[in-house]
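> Sequence below, structure please.
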Amino acid sequence: MMKSNKPNPDLKQSPGDHLANERTFLAWVRTSIGIMGFGFVVVKFSLFVRQITAVLGHKAETPSTGYSPVIGILLVGLGAVTILFSYIRYINTKKQLEIGQYYHSTVLIKVMTAAIFLVSLLLILYLVKSI
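Residues are numbered from 1 along each chain as shown. Modelled structure (predicted):
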């Protein structure tokens with residue numbers, strides 16, 4: 001049996017399926033914004049520590065490893081990639097729903113889990129070195 005990429009006129013499409021697809025896409029967008037926001041915070045954290053210690057009249061004791069900006073930029077990039085991949089997933093799911101052949105994929109979830117886990121390990125190493 002061959003797959004067809006044309007809409008099936010006999011298939012009664014459920015608006016709920018399309019709305020669920022849209023909600024999933026928006027959840028991924030919120031996740032990517034959160035990841036990018038966290039990346040921004042990581043980049044600016046050492047600057048914040050230096051400024052707050054200067055205001056309090058103390059010498060800033062921040063490690064000069066330089067990992068904070070790298071990790072933060074990685075997180076911002078990961079958030080941007082997340083938006084891109086979630087949009088691609090949204091479009092593919094929409095097409096599948098329209099032709100009545102939906103195939104679940106966990107590729108985006110696996111990639112995001114691995115990437116966030118790796119960045120988390122980098123953050124842990126950074127924090128351990130700063131103690």
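
> all strands for the protein, in order.
Applying DSSP state E to the chain gives no strands.

> Let me see the ranges of the helices in it.
Ranges of helices in the chain, per DSSP state H, are 15-55, 67-99, 107-129.

> what helices or strands is the first one leaning on?
In this structure, helix 15-55 makes packing contacts with helix 67-99, helix 107-129, judged by 3 or more Cβ pairs under 8 Å, 6 or more residues apart in numbering; DSSP states H and E. The way it works is simple: take the backbone N, C-alpha and C, and place the C-beta from them, glycine included.

> Per-residue pLDDT of S105, please?
S105 carries a pLDDT score of 85 in this model.

> And the nearest residue to it once chain neighbours are set aside, how close does it get to T53?
Computed as Cβ to Cβ, 6 or more residues apart in numbering, the closest residue to S105 that is not its neighbour in sequence is R89, at 7.3 Å. For R89, the distance to T53 equals 44 Å [Cβ to Cβ, to the nearest Å].

> Who has more neighbours out of these two?
Set side by side, R89 and T53 show more neighbours around R89, with 18 against 14, by other Cβ atoms under 10 Å.

> S86 is in contact with I33, isn't it?
No: S86 lies out of contact with I33 (Cβ atoms under 8 Å); the separation is 11.2 Å.

> more crowded one of these two?
S86 (20 against 13).

> And the pLDDT for the more buried one?
For S86, the pLDDT comes out at 94.

> Report the contact partners of it.
Contacts for S86 were tallied using Cβ atoms under 8 Å, 6 or more residues apart in numbering; they are 25, 28-29, 32, 108.

> hmm, which two among those residues are most spread apart?
Farthest apart among the contacts of S86 by Cβ to Cβ are V29 and L108. That separation is 12.7 Å.

> ok, back up a step: and which of the contacts of S86 is nearest V76?
Looking across those and measuring by Cβ to Cβ, the closest to V76 is S32, at 9.9 Å.

> what's the neighbour count on the closest one?
Quick note: S32 (other Cβ under 10 Å) scores 21 neighbours.

> List the contacts of it.
79-80, 82-83, 86.
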